[in-house]
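Engineer: my questions are about this predicted structure, shown below with the sequence.
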Amino acid sequence: MYKNLRWKLIVIGLVTALGLYAFIPPGQKLRLGLDLKGGVHMVLTVQTDDALKLETETSVEQLKAQLKEKNIPVNGKADSLTQFTIDGVPQSGDQQFRALADSLVGASFDREQVSAGTYTFRMKPNVEKTRRTEAVSQAILTIEKRVNELGVSEPVVAPYGTSGNQIIVQLPGQRDIARAKSIIGKTALLELKLVEAGPAPDQTSLLASRNGVVPEDMEVIQGATSAGDPTAAYYLVRKTAAITGRDLRNAKQTLDEVNLPAVAFTLNNEGVAKFSRVTSANVGRQLAIVLDNRIQSAPRIDGPIPSAEARITGRFTLQEANDLALVLRSGALPASLTTEETREVGPSLGADSIRAGVTASVIGLVLVTMFMLLYYRLAGINALVSIVLNLVILLGFMAYLGAVMTLPGIAGFVLTIGMGVDSNVLIFERIREELATNKGARQAVAAGFDRVFWTIVDTHVSSLIAAAFLFQFGTGPIRGFATTLFFGLLANVFTAVFVSRTMFEFILSRKPAGATQLSI
């Protein structure tokens, strides 16, 4: 018997058993992509102008607030997405203003003096480009967190197209398009702002004591409405938020004092410090909880609150409270999204794709088997076993690593069958050449495998590199094909070189030592 033949057979048996265990039953252990399982496909556009507008408006408000603390009252407003103007700077405070402006916004804005006491700030071109790119990248990360919280298996969230501001989102198995769009597209910008006046039934009565004019450092925000109560009060609040969603650590669905759905959130260390300072300095005032520019509630501050926990109450259903907690945990989107394309892939279409793919694979395997048996006779059985085991190992890899099976992935299966046949043809033809030199069967098999080994390794390594590049730079369908191809190539090296050779050795171990006949 060949040396170590028993251990080789044991290894093959163990690999086969592990492969079968990993993917059986396939309905439970193999993950299917959107094209096979059905689900939601969306193309979204990130409104990057929103990110620039927010950067400009935040900068002007922060600069004004800091100047006010230094007793340098000024006027200021955003002129465009990337420009704002500060005027009314007194000559006595001009030097201090310049120093403060450089430290606060100098890294992002170029300053230009228009006239005495008036300055224009323009966003730097490289900063503008960076902010747009960051808005798309942050939107992708936020959407990924949200769809993962939805429990979608192997979603696809990736850049799309050449415009640089579009995202493709694929959610396999998701059926509720309306809910998916709501959760993915919700900005979820949480702010806690001090209330200066309100609630009032309309803006006229709200601003009556201020001659109908909204102060420059304040804004009017409407309260949230509901189906049961379509009316909403108006509040006059500070523009600058005391606490924002960036200060959040976690959020979860809970119940309020009357057992209605609410959302509890906890703050990080910096947020706790801010919250404590704000509540200590404003006892008796209202603090509005603003979500996406709508006031959900405006509780009164009864005393300093050093705690890290707070709660959002409102007219929520249980599902709405859960979804709100989900999007708050995921973070706010840096810019709003518009939906360019939405479609639902039905499960019946996915089932048809699976049937067509399986049929194609089976037909390919049958035709290959017929060819190998007719051309290589009994050695064709060796090739068939090698190819079948290749597919078993490939499916086991896919299931164990949680890789997604897609329609292009099924094409990768068919290609794997072809690669397996190609490897066996190389080996068999080399063995035939060795037999033609009147070598014994054992010597011919050994020489054939030894001499073709590096050829197989070279071809597979080059294909593995191509598959790796396809996976790295391709989108969903391309990555599905690359994944199957990659694992198929790894399995093929093992089956073509190790399994096929072991089977030849097992058959020859049954023959006399000097046998020269080999059915090939």
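Structural biologist: Okay, I see it.

Engineer: burial count for residue 497?
Structural biologist: Neighbourhood size, residue 497 [other Cβ atoms under 10 Å]: 19. The way it works is simple: take the backbone N, C-alpha and C, and place the C-beta from them, glycine included.

Engineer: and for residue 120?
Structural biologist: Per other Cβ under 10 Å, the neighbour tally for residue 120 reads 16.

Engineer: what's the answer for the one 5 residues further on, then?
Structural biologist: Other residues within reach of residue 125, judged by other Cβ under 10 Å, total 10.

Engineer: do you know how far it is from residue 104?
Structural biologist: As judged by Cβ to Cβ, to the nearest Å, residue 125 and residue 104 stand 20 Å apart.

Engineer: what is the least confident helix or strand in the chain?
Structural biologist: strand 309-312 (a mean of 67; mean pLDDT, DSSP states H and E).

Engineer: show me the protein divided up by domain.
Structural biologist: Using automatic domain parsing, the domain parsing of the chain gives 5-36+347-508, 48-127, 186-342.

Engineer: helices along the stretch 1-150 of the chain, start to end?
Structural biologist: Along the stretch 1-150 of the chain, counting by DSSP state H, counting those that start in this stretch, helices occupy 5-23, 26-29, 34-37, 48-69, 94-105, 125-149.

Engineer: the longest one vs helix 48-69, what angle?
Structural biologist: Per axes from the mean of the first three to the mean of the last three Cα atoms, to 10 degrees, the angle that helix 125-149 makes with helix 48-69 is 110 degrees.

Engineer: out of the domains of the chain, which gets nearest to residue 42?
Structural biologist: Judged by Cβ to Cβ, the one of the domains of the chain that comes nearest to residue 42 is domain 186-342, at 5.1 Å.

Engineer: that closest one: how far from the chain's middle?
Structural biologist: Its chain's C-alpha centre and that of domain 186-342 lie 28 Å apart, by Cα atoms, centre = their mean, to the nearest Å.

Engineer: first-to-last residue distance for that domain?
Structural biologist: 16 Å (Cα to Cα, to the nearest Å).

Engineer: nearest residue to the middle of this structure?
Structural biologist: Nearest to the mean C-alpha position of the chain, by Cα atoms, centre = their mean, lies residue 144 at 3.4 Å.

Engineer: my guess is that residue contacts residue 158, does it?
Structural biologist: No: counting by Cβ atoms under 8 Å, residue 144 stays clear of residue 158, with 9.5 Å between them.

Engineer: list residues touching both of these two?
Structural biologist: Residues touching both residue 144 and residue 158 by Cβ atoms under 8 Å, 6 or more residues apart in numbering: none at all.

Engineer: look up how far residue 373 lies from residue 497.
Structural biologist: Counting by Cβ to Cβ - residue 497 and residue 373 are separated by 22 Å.

Engineer: related to what we said a few turns ago, ranking the helices of the stretch 1-150 of the chain by burial, who's on top?
Structural biologist: helix 34-37 (a mean of 25; mean count of other Cβ atoms under 10 Å).

Engineer: tell me the contacts of residue 496?
Structural biologist: Residues in contact with residue 496 (Cβ under 8 Å, 6+ apart) are 386, 390, 420, 423, 424, 427, 456.

Engineer: now do the SS call for the nearest residue to the residue nearest to the centre of the chain once chain neighbours are set aside.
Structural biologist: Nearest non-adjacent residue to residue 144, counting by Cβ to Cβ, 6 or more residues apart in numbering: residue 157, 4.8 Å away. Using DSSP: H, G, I helix; E, B strand; the rest coil, the structure places residue 157 in strand.

Engineer: just how off-centre is the lengthiest helix in the chain within its chain?
Structural biologist: Using DSSP state H, we find that the single longest helix of the chain is helix 441-473. Per Cα atoms, centre = their mean, the displacement of helix 441-473 from the mean C-alpha position of its chain is 35 Å.

Engineer: by contact count, what packs against it?
Structural biologist: In terms of contacts (3 or more Cβ pairs under 8 Å, 6 or more residues apart in numbering; DSSP states H and E), helix 441-473 is packed against helix 407-436, helix 476-493, helix 500-508.

Engineer: for the stretch 251-400 of the chain, which segments count as helices?
Structural biologist: Along the stretch 251-400 of the chain, the segments classed as helices by DSSP H, counting those that start in this stretch run 269-281, 318-330, 347-376, 379-401.

Engineer: give me the sheet partners of whichever helix or strand comes after the last one and which way each runs.
Structural biologist: Following helix 379-401 in sequence order, the next helix or strand is strand 404-405 (DSSP states H and E). Based on DSSP bridges, the strands next to strand 404-405 in the sheet, each with its direction, are strand 31-32 (parallel).

Engineer: tell me the average confidence for the strand it pairs with?
Structural biologist: Averaged across strand 31-32, pLDDT comes to 74.

Engineer: how distant is that strand from the center of its chain?
Structural biologist: 17 Å.

Engineer: residues near residue 25, how many?
Structural biologist: Residues lying near residue 25 (other Cβ under 10 Å) number 7.

Engineer: for it, give its distance to residue 399.
Structural biologist: Distance from residue 25 to residue 399, by Cβ to Cβ: 10 Å.
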